[in-house]
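Chemist: Give me a model of this one.
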Amino acid sequence: MRVAIIGQQAFGKSVLEAFLARNATVAGVFCAPEKPGTKPDALRVAAEERDVPVFQLATLKDDEASRTLESLDVELGVMAYVLQFAPQTFVNIPKHGTIQYHPSLLPRYRGPSSINWPIIKGDTETGLTIFRPSDGLDEGPIILQKSVPIGPEDTLGTVYFDRLYPLGVDALIEAAELVVAGKHRQTPQQEELASYEGWCRDPESRINWQAHVDQIYDLIRGCNPSPGAWTTVQGKKLRIYDVVRHRTRTFSAVSGKPGVVSAVGNESIEIAAQGGRLELRSVRLEGGAKMAAGALATSLRITVGAALES
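Modeler: Residues are numbered from 1 along each chain as shown. Model prediction:
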């Protein structure tokens, strides 16, 4: 199998290594140019170490990109974590076209933060899709899908790194072999089931302490480790990572008003919410390192009755 890999960073590197381990010929790697001052692209570094030609083009939409891919004479294009737009004039050049990885069960959760949103919304299942890229974002026909559970304590980190990442590398290999052998099926996406969600960034990850405890808990899980759900304390931005949910069963168990500190321990602090309380374990002040929430309470002299601002 002769392929070109289009991608970047750690996932792209893992896909490159997986294809080479299967004795595929990787004729070239396309990755976006690195911005000054950023970490070296892991895919670029890995390709250069293995003497695989690397092409860092500012865009995949022009004639230079098409001519470069044509010159490689590949059977298949493999898109692994691609942020550059790749038009049909580019992806249709390989003999068997191009396949792309997306970390959701398309057509649900099209868009760039497709791992965050299912967790934030309290879903109990997500997955990945290998599909044909079209000029629409994540809208092409489906070749292969794999489902994974989302447990009640899962975070963005555990769902992605423990499941969707390794399963996605294997799924790209599986789909590539099916496509090159002519044994694959393509299924159009069901538009009536489709959803598109944009980025999950700071505006979306700010905590509303008046929301139900389940909503806040799912938001924190779905933003852990990135971008990090946040609130403010004493005028400082505080990101919250590891948290334990405690549901309130009776009126007498209500621990205080929403957003107010109800308990302070050596390792954690508890915040009251509608329907329960949240035990904050791991937090980080803006510009600082992660620390135990109890240590934060000591350093800022946070006591029971203090309010976290929403």
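
Chemist: ok, now which ones touch Leu57?
Modeler: Phe30, Pro33, Glu64, Ala65, Thr68 (Cβ atoms under 8 Å, 6 or more residues apart in numbering). Just so you know, the C-beta spots here come from the backbone N, C-alpha and C atoms, and that holds for glycine as well.

Chemist: How much space separates the third one from Thr250?
Modeler: Looking back up the chat, that one is Glu64. Using Cβ to Cβ, to the nearest Å, Glu64 is found at 68 Å from Thr250.

Chemist: These two: which has the busier surroundings?
Modeler: Glu64 (13 against 6; other Cβ atoms under 10 Å).

Chemist: and the more buried one, backbone torsions?
Modeler: phi -60, psi -40 (degrees, to the nearest 10).

Chemist: what's the pLDDT at it?
Modeler: Predicted confidence (pLDDT) for Glu64: 97.

Chemist: any weak-confidence spans in the stretch 201-310 of the chain?
Modeler: 310 (pLDDT under 70).

Chemist: For it, which segments are assigned as strands?
Modeler: Here the stretch 201-310 of the chain has its strands, by DSSP state E, counting those that start in this stretch, at 229-233, 236-240, 243-247, 261-264, 269-273, 276-280, 282-285, 291-292.

Chemist: With distance to Glu125 as new columns, can the ones you listed be given to me in CSV?
Modeler: Converted to CSV, the strands of the stretch 201-310 of the chain look like this (distance: least, Cβ to Cβ, whole Å):
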stretch, distance to Glu125
strand 229-233, 22
strand 236-240, 25
strand 243-247, 20
strand 261-264, 33
strand 269-273, 26
strand 276-280, 24
strand 282-285, 26
strand 291-292, 32
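
Chemist: picking up where we left off before, filter the contacts of Leu57 down to just the ones in strands.
Modeler: Under the assignment DSSP state E, the contacts of Leu57 contribute Phe30 to strands.

Chemist: Any quick ChimeraX command for the buried ones out of the contacts of Leu57?
Modeler: Buried residues within these, by 16 or more other Cβ atoms under 10 Å, are selected in ChimeraX with:
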select :30,65,68
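
Chemist: and of the contacts of Leu57, the nearest to Gln189?
Modeler: When those are ranked by distance to Gln189 (Cβ to Cβ), Phe30 comes first, at 25.2 Å.

Chemist: Kindly indicate whether the closest residue to that closest one other than its chain neighbours is helix, strand or coil.
Modeler: Counting by Cβ to Cβ, 6 or more residues apart in numbering, Ile6 is the residue found nearest to Phe30 once chain neighbours are left out, at 4.4 Å. Look at Ile6: counting by DSSP: H, G, I helix; E, B strand; the rest coil, its state is strand.

Chemist: show me what contacts Ile6?
Modeler: Counting by Cβ under 8 Å, 6+ apart, the residues that Ile6 touches are Val29, Phe30, Cys31, Leu60, Gly77, Val78, Met79, Ala80, Val82, Gln84, Ala86, Thr98.

Chemist: try 6 Å
Modeler: Ile6 is in contact with Phe30, Met79, Val82, counting by Cβ atoms under 6 Å, 6 or more residues apart in numbering.

Chemist: how about these in a markdown table, adding distance to Leu128 and pLDDT?
Modeler: Shown next, in a markdown table, are these (distance: Cβ to Cβ, whole Å; pLDDT from 0 to 100):
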| residue | distance to Leu128 | pLDDT |
| --- | --- | --- |
| Phe30 | 21 | 98 |
| Met79 | 13 | 98 |
| Val82 | 15 | 94 |
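
Chemist: Which one of the residues you listed is nearest to Ala181?
Modeler: Met79 (19.5 Å).

Chemist: for the closest one, phi and psi?
Modeler: Dihedral angles (degrees, to the nearest 10) for Met79: phi -100, psi 120.

Chemist: Look at it and say how many residues are nearby.
Modeler: Met79: 24 neighbours (other Cβ under 10 Å).

Chemist: For Leu156, grab the count of nearby residues.
Modeler: 24.

Chemist: oh, I was asking about Ala289
Modeler: Neighbours of Ala289 (other Cβ under 10 Å): 6.
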